[in-house]
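[1] no sequence on this one, just coordinates:
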């Protein structure tokens, strides 16, 4: 251990007797809403993973997107949640073999480098460290740790992220509302709010969204929407209106239907851009590849099923796209990814020696 | 004076000898960027206004939009800028006959009422008080205080606001970016940034905006735009990119041209919604009415002239629309509005007695 960065966070290491000489892996999924850390034991190398997966501990913390809460707070949250998971599992840092930190806000190699540098300060030098965008953990949660195929996330925000088997990667969207993450929960809801304002001031057609949204928010007039929006412009608060848009569309409202249809096209476009750039579908566009679908907007719990519509749209162009709805959470995906990469490196080292 | 709300702000009233028994009017234009207060003497009632207008003092302060800076800060800014203008003009509150406070963020009668209540605490009860959305001051700056016709503002944000001669009013847009103020400077620039991201990740066509915007911002890759946007998401910072979009459009870039053409349609649509609801164009749609045009986006300093295109669009439907580019600033418009309203009330009182 190079040095103890933060005495308090790691105090438990001196106090708790370490359970065994069992070696572990940490997987982190850090989003804008919350951060989850999973501690898993090193599994033996085999073709099939144990079911259920052996999870030693799970810890949860708040937002760790440095774009939202700043560098220092993001770092402290990530360090604390790793310490919590290790402490709960009765391990300490000397048991750690690999860490995969998948956090939102990693958009550029400089973001990655910055996080790697401070992770290096926390863990001994033999620990393998992987820093990824949180979308990569979601992909791995569907492919059980293998970086191949494409993931589409559509929750409050949206992103498509893909990998070829030889390690090339590409992404589309995931740039936030200012930079046009159309098709996201925020994007859908903001268009619905805009439709209410436009109907009210005469720029757009009347729509069921007017009465439904005002009633949902407990407002008496569309003018009050302006104050409501400014009072707290958090993306998640606005995205929470998606179910209202879906029920209006199911009831036949044209404006709501148009908003959802455009969202479907936007989400499919993100996937297509990634698949095209990586050539995931092969030259004849028929190769099969995993398409992992994650997030509230894509969940099939309504008659107007955005996820199914997106899939139908994509299948027309790429019949080989294999839809996967992950059974484990992204943090487990991150841990599996770390395990996969570690095994690959061990095999390479064994081959070399 | 009911009571002295804020000792410090009004201290000058005890210290400075009042110049004369001259009576004055205050006009305020409070926007998201700055707040301007104008102090004018009461002018004799006549058909023509003096040219130049007699302005006794002008004071400037920061943002006074309660949605942006909160209630307390907005109120203090407004009170301070009025005190500064009065102090500079050598007057005090006992000289004030009328105040017109035109501030952004007044979107609902409750906003108006809240501001009126605390203005009432500052000024003696005989002072006439008018509280309006800041768009109304911009209209009055083109009509020299008369509330008739329509104003279109397109700067960082956009709004259309209109009045009939018998006092009915209507507005369109002015709800902020979340609620779809398309056609605003922010709206134009955000679409241009989005086009750069979409070209970069394969969702959209390549465009000259990519190299031009990255060069303007000193960034080396489109990925860095995400960090740039989050670093400071102020609307004005993003809207400042409009000239880049205009020059790309002038150089023949299709994406930039499409963005500007859609902005023109959106801005024209706002005006049409207001004109239609108020019937400003009469039954045969040919009546004449003033159309005041204000804001950086509409200023005719480029070959690709957004303001002229908007006017051409509107003239097709409403040949009676008379474009006006104001020669005085909105705060003067607010003062003229207060003077106009005061004169109307005086005439009505004289008629009654």
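    Arrived safely, thanks for sending. Please read all numbers here as calculations on a predicted model, not as lab measurements.
[2] what helix or strand is residue A:38 on?
    Residue A:38 belongs to strand A:35-41 when assigned by DSSP states H and E.
[3] List the neighbours of that strand that are in contact with it.
    Residues external to strand A:35-41 that are found in contact with it (CB atoms under 8 Å, 6 or more residues apart in numbering or on different chains): A:22-30, A:53-64, A:77-78, A:81-82, A:84-86, A:88-89, A:91, A:103, A:329-332, A:334-336, A:339. Where you see a C-beta, it was placed from the backbone N, CA and C, and this is true even at glycine.
[4] Now which of these would you call buried?
    With neighbours counted by 16 or more other CB atoms under 10 Å in any protein chain shown, the contacts of strand A:35-41 contain buried members at A:24-30, A:53, A:55-59, A:61-64, A:77-78, A:81-82, A:84-86, A:89, A:91, A:103, A:329-332, A:334-336, A:339.
[5] so which strand or helix has the closest residue to residue A:128 other than its chain neighbours?
    Excluding its sequence neighbours, the residue lying closest to residue A:128 (CB to CB, 6 or more residues apart in numbering or on different chains) is residue A:98, at 4.1 Å. Assessed by DSSP H and E, residue A:98 sits inside strand A:96-103.
[6] Residue A:111 now?
    If you go by DSSP H and E, residue A:111 is part of helix A:109-122.
[7] Distance of the residue nearest to residue A:128 relative to residue A:146?
    In this view, residue A:98 and residue A:146 are 16 Å apart by CB to CB, to the nearest Å.
[8] Have a look at those two and say which one is more surrounded.
    Using other CB atoms under 10 Å in any protein chain shown, the more surrounded residue of residue A:98 and residue A:146 is residue A:98, with 26 against 15.
[9] What score does the more buried one have for pLDDT?
    Reported pLDDT at residue A:98 in the predicted model: 96.
[10] For it, list the residues it contacts.
    By CB under 8 Å, 6+ apart, the contact set of residue A:98 is A:25, A:26, A:127, A:128, A:129, A:130, A:338, A:339, A:341, A:342.
[11] The residues you listed in strands, which ones?
    Mapping the contacts of residue A:98 onto strands (DSSP state E) picks out A:25, A:26, A:128, A:129, A:130.
[12] ok, so of the residues you listed, who is nearest chain B?
    Of all these, chain B sits closest to residue A:130, with 19.1 Å by CB to the nearest CB.
[13] Quick check: the closest one touching residue A:341?
    Yes - with contact defined as CB atoms under 8 Å, residue A:130 counts as touching residue A:341 (5.9 Å).
[14] Pull up the overlap in contacts between those two.
    A:98, A:100.
[15] Kindly report the residues of the stretch 151-300 of chain A close to chain B.
    A:170-173, A:175-176, A:178-180, A:190-191, A:193-194, A:197-198, A:201-203, A:221, A:223-227, A:229-230, A:233, A:238, A:269-270, A:273-274, A:276-277 (CB under 8 Å from any CB of the partner chain).
[16] Of those, select the buried ones using a PyMOL command.
    Buried members of those can be picked out in PyMOL with the line below, counting by 16+ other CB under 10 Å:
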select buried, chain A and resi 170+171+172+173+175+176+178+179+180+190+191+193+194+197+198+201+202+203+223+224+225+226+227+229+230+238+269+270+273+274+276+277
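[17] now, which of the residues of the stretch 151-300 of chain A next to chain B lie within strands?
    Judged by DSSP E, the subset of these located in strands is A:170, A:171, A:172, A:173.
[18] with those residues in mind, which one is nearest to residue A:289?
    residue A:170 (12.7 Å; CB to CB).
[19] what ranges of chain A fall below the confidence cut-off?
    In the predicted model, chain A carries pLDDT under 70 at residues A:1-7, A:16-20, A:300-301.
[20] burial of residue A:350, as a residue count?
    Using other CB under 10 Å, residue A:350 has 8 other residues around it.
[21] what secondary structure does it sit in?
    Classification of residue A:350 by DSSP: H, G, I helix; E, B strand; the rest coil places it in helix.
[22] and the gap between residue A:302 and residue A:153?
    In terms of CB to CB, residue A:302 sits 19 Å off from residue A:153.
[23] Neighbour count for the two, which is higher?
    More neighbours surround residue A:153 than the other of residue A:302 and residue A:153, with 29 against 14 (other CB under 10 Å).
[24] Could I get the contacting residues of residue A:159?
    Counting by CB under 8 Å, 6+ apart, residue A:159 has contacts A:133, A:135, A:152, A:153, A:171, A:172, A:173, A:174, A:181, A:270.
[25] what about the strands in the stretch 251-353 of chain A?
    A:289-294, A:321-324 (DSSP state E, counting those that start in this stretch).
[26] Could you single out the most deeply buried of these?
    Comparing the strands of the stretch 251-353 of chain A by mean neighbour count (mean count of other CB atoms under 10 Å in any protein chain shown), strand A:289-294 ranks first with a mean of 24.
[27] does residue A:245 really touch residue A:190, like I thought?
    No - Residue A:245 lies out of contact with residue A:190 (CB under 8 Å); the separation is 10.5 Å.
[28] Show me the subset of the contacts of strand A:35-41 that also lies near chain B.
    Okay, of these, nothing touches chain B (CB under 8 Å from any CB).
[29] for the closest residue to residue A:161 other than its chain neighbours, what are its contacts?
    Of all residues not flanking residue A:161 in the chain, residue A:135 sits nearest, at 3.9 Å (CB to CB, 6+ apart). Counting by CB under 8 Å, 6+ apart, residue A:135 touches A:102, A:151, A:153, A:159, A:160, A:161, A:171, A:174.
[30] wait, the fifth one sits on residue A:171?
    When you say that, I think you mean residue A:160. Yes - Residue A:160 is in contact with residue A:171 according to CB under 8 Å; the separation is 6.5 Å.
[31] what domains does the record give for chain A?
    Annotated domains of chain A cover A:12-144+A:328-352, A:177-324 [automatic domain parsing].
[32] Now do the first one: distance to the chain's middle.
    Just to be clear, that refers to domain A:12-144+A:328-352. Here domain A:12-144+A:328-352 shows a centroid-to-chain-centroid distance of 15 Å under the convention CA atoms, centre = their mean, to the nearest Å.
[33] How about the last one?
    Between the mean C-alpha point of domain A:177-324 and the mean C-alpha point of its chain there is a distance of 17 Å (CA atoms, centre = their mean).
[34] what's the span of that domain from first residue to last?
    One end of domain A:177-324 to the other measures 26 Å (CA to CA, to the nearest Å).
[35] that older thread, would the residue nearest to residue A:161 count as being in a helix?
    Yes - counting by three-state DSSP, one finds residue A:135 located in a helix.
[36] what's the longest helix in chain A?
    helix A:254-278 (DSSP state H).
[37] give me every residue that touches the closest residue to residue A:242 other than its chain neighbours.
    Take residue A:242 and drop its neighbours on the chain: the residue closest to it by CB to CB, 6+ apart is residue A:185, 4.8 Å away. By CB under 8 Å, 6+ apart, the contact set of residue A:185 is A:154, A:155, A:156, A:157, A:158, A:239, A:240, A:242, A:295, A:296, A:297.
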